[in-house]
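J.: coords below, sequence missing:
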């Protein structure tokens, strides 16, 4: 525990809370940032020093740092080698020819091997970094006035320590940075990026397209999620189409200044909402403020503690974490809620590569949707005691007639579920073998594609061979149009189509004029669940 870091964090939190109690119009966050920066600079909170390996008198620490620097250099070399292989591979693919393509494939395999080595080295480098951060050293002033570092439990006799606990911070160009203080913002590059027309290399377009789509999708999802989270508290309506257009325009403009991929920031938007921002004018004022800081005030932010920034973000984001919607979703759609939980946990486990977690959530959502679409709700219906219609299984009803079977199909007839439609119709005929007509109540059919129309023809033919007629009711206009264009309407005849289900049931009952089928429906087999 670094107590000064903890003190800055708690102090910033208490100061912001106190200022908000005094007046909500006070810029509490800005005041806390300014106060923390002044105090940090006054007490020398950062307290860093640069040294070399020769000043470290601990064999284990020297060995770990040396291995750390070696791995850094090795990663740089392998990255440059992989980049050169990629450059040559693109040139060979562009040239064409059997030999060139073969050489390009060899280079592609070599790049994959290099990427694998780089990943292994990065994991090893991270483990070494963790081990270095766990080491604390004592500092002593040598005869030349420079600091030397010894293990905390192995300080030479008659040598006084400076009383500080020095920790490893970083290695840059062979220089080792030790810190006895806390983390600050540090140097911020001054000035604005210059205008430059981006270089268009069409041979890289296909290679970059998958990554570009993933980044665009993640950026859009992040901006949309934060917008909807804030909108729940403000009551505003979120226009996702405008958000997507805005992001596209921002990325196009940003490409002329070498910017990163542009998206709405979850933490920044949360801070804005927490600060009382109401309109898009906030973004313009914020942008002008950032420009002013980059032009004139970057040096004044050097001593701002990182822990204060962390507290500001945490205060804003924690207010957006809500468990009630998750509990509500669990009560309504447990599979959907479970996918949300899996996505949340995965993004935490895979951080900072949150793209993989989000893509997993998208994949599970699409899979869940396809499964629901492949097997829509289908049920044989009958009259309830109050005269309304309901599923015979769900309400334990008697079949409406032994001569015709009304089946309600709640789904569009597309290539995804046409096989399921056929199974359900044939199963209904199998469970009611004396029926001469099967009525499809199609109020839930919103779309019919070529596969659906073809499957209906097949089912009509199979039922016709055994003396059973397939008729429809409550079909929507767009479905009727498909039947007209395909000729299916003329083939089945006008008497096979009814405007609504009540007309169809009345007409079919009059057509057969037989007593209602009174026996109980006990069959538990089949899939026609009501």
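T.: Alright, I've got the coordinates. This structure is a prediction, so every number in the text was calculated from the model and none was measured. Residues are numbered from 1 along each chain as shown.

J.: list the contacts for residue 110?
T.: Contacts for residue 110 (Cβ atoms under 8 Å, 6 or more residues apart in numbering) come out as residue 85. Just so you know, the C-beta spots here come from the backbone N, C-alpha and C atoms, and that holds for glycine as well.

J.: quick one: it and residue 78, what's the gap?
T.: Here the criterion is Cβ to Cβ, to the nearest Å. By it, residue 110 lies 11 Å from residue 78.

J.: cool, residue 52 as well?
T.: For residue 52, the distance to residue 78 - Cβ to Cβ - is 26 Å.

J.: could you do residue 371 as well?
T.: Residue 371 sits at a distance of 44 Å from residue 78 (criterion: Cβ to Cβ).

J.: do the same with residue 508
T.: Taken as Cβ to Cβ, the span from residue 508 to residue 78 is 76 Å.

J.: which one's more surrounded, the two?
T.: More crowded of residue 508 and residue 78, by other Cβ atoms under 10 Å: residue 508, with 21 against 16.

J.: what's near enough to touch that one?
T.: 401, 403-404, 437, 439, 471.

J.: and the pLDDT for the residue nearest the centre of the chain?
T.: In the chain, the centroid-proximal residue (Cα atoms, centre = their mean) is residue 358; its distance is 2.9 Å. Looking at residue 358, its pLDDT is 79.

J.: can you give me the strands in the stretch 51-200 of the chain?
T.: Assigned by DSSP state E, counting those that start in this stretch, the strands in the stretch 51-200 of the chain fall at 136-141, 147-151, 165-172, 175-179.

J.: got the buried residues for stretch 123-138?
T.: For stretch 123-138, a neighbour-count test (16 or more other Cβ atoms under 10 Å) marks 125, 128-129, 132, 135-138 as buried.

J.: closest to residue 375 out of the strands of the stretch 51-200 of the chain?
T.: strand 165-172 (56.6 Å; Cβ to Cβ).

J.: relative to strand 136-141, how tilted is that closest one?
T.: Strand 165-172 runs at 90 degrees relative to strand 136-141, counting by axes from the mean of the first three to the mean of the last three Cα atoms, to 10 degrees.

J.: which residues touch stretch 304-319?
T.: 5-6, 8-9, 12-13, 16, 29, 32-33, 36-37, 40, 45, 182-185, 266-267, 270-271, 273-274.

J.: check stretch 89-103 too.
T.: Here stretch 89-103 makes contact (Cβ under 8 Å, 6+ apart) with 104, 107-108, 111, 203-204, 207.

J.: which residues of this structure score low on pLDDT?
T.: Within the chain, the segments meeting pLDDT under 70 span 143-144, 514-530.

J.: and it, what are its domains?
T.: Following automatic domain parsing, one gets these domains for the chain: 48-179, 202-370, 376-512.

J.: out of the ones you listed, deepest packed?
T.: Most buried of the domains of the chain, by mean neighbour count (mean count of other Cβ atoms under 10 Å): domain 376-512, with a mean of 17.

J.: mind checking the end-to-end distance for that domain?
T.: 30 Å (Cα to Cα, to the nearest Å).

J.: now do stretch 311-328
T.: End to end - Cα to Cα - stretch 311-328 spans 30 Å.

J.: isn't residue 185 right up against residue 298?
T.: No - counting by Cβ atoms under 8 Å, residue 185 sits too far from residue 298 to count as a contact (9.3 Å).

J.: give me the contact list for stretch 446-456.
T.: With Cβ under 8 Å, 6+ apart as the criterion, stretch 446-456 contacts 412-415, 418-419, 421-422, 470, 476, 478-479, 482-483, 486, 488.

J.: contact partners for residue 348?
T.: By Cβ under 8 Å, 6+ apart, the residues touching residue 348 are residue 357.

J.: isn't there a helix covering it?
T.: Yes - under DSSP: H, G, I helix; E, B strand; the rest coil, residue 348 sits within a helix.

J.: report the secondary structure state of the spatially closest residue to residue 40 that is not a sequence neighbour.
T.: Among residues not flanking residue 40 along the chain, residue 303 sits closest, at 4.2 Å (Cβ to Cβ, 6 or more residues apart in numbering). Residue 303 falls in the coil class when you classify it by three-state DSSP.

J.: quick check: residue 303 touching residue 183?
T.: No - counting by Cβ under 8 Å, residue 303 stays clear of residue 183, with 11.0 Å between them.

J.: overlap in contacts, those two.
T.: residue 46.

J.: name the SS class of the closest residue to residue 432 other than its chain neighbours, please.
T.: Nearest residue to residue 432, sequence neighbours excluded (Cβ to Cβ, 6+ apart): residue 405, at 4.8 Å. Here residue 405 is strand, with the state taken from three-state DSSP.

J.: contacting residues around residue 405?
T.: With contact taken as Cβ under 8 Å, 6+ apart, residue 405 is in contact with 380, 399, 428-429, 432, 435, 437-439.

J.: so can I have a markdown table of the residues you listed showing distance to residue 463 and secondary structure?
T.: Putting the contacts of residue 405 into a markdown table (distance: Cβ to Cβ, whole Å; DSSP: H, G, I helix; E, B strand; the rest coil) gives the following:
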| residue | distance to residue 463 | secondary structure |
| --- | --- | --- |
| 380 | 16 | strand |
| 399 | 18 | coil |
| 428 | 10 | helix |
| 429 | 7 | helix |
| 432 | 12 | coil |
| 435 | 10 | coil |
| 437 | 9 | strand |
| 438 | 7 | strand |
| 439 | 12 | strand |
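
J.: surely residue 504 forms part of a helix?
T.: Yes - secondary structure of residue 504 (three-state DSSP): part of a helix.

J.: who's the closest spatial neighbour of residue 183, skipping the chain neighbours?
T.: What sits nearest to residue 183 in space, not counting adjacent residues and going by Cβ to Cβ, 6+ apart, is residue 306, at 4.2 Å.

J.: next one: residue 13
T.: Closest residue in space to residue 13, ignoring its immediate chain neighbours: residue 311 at 5.2 Å, by Cβ to Cβ, 6+ apart.
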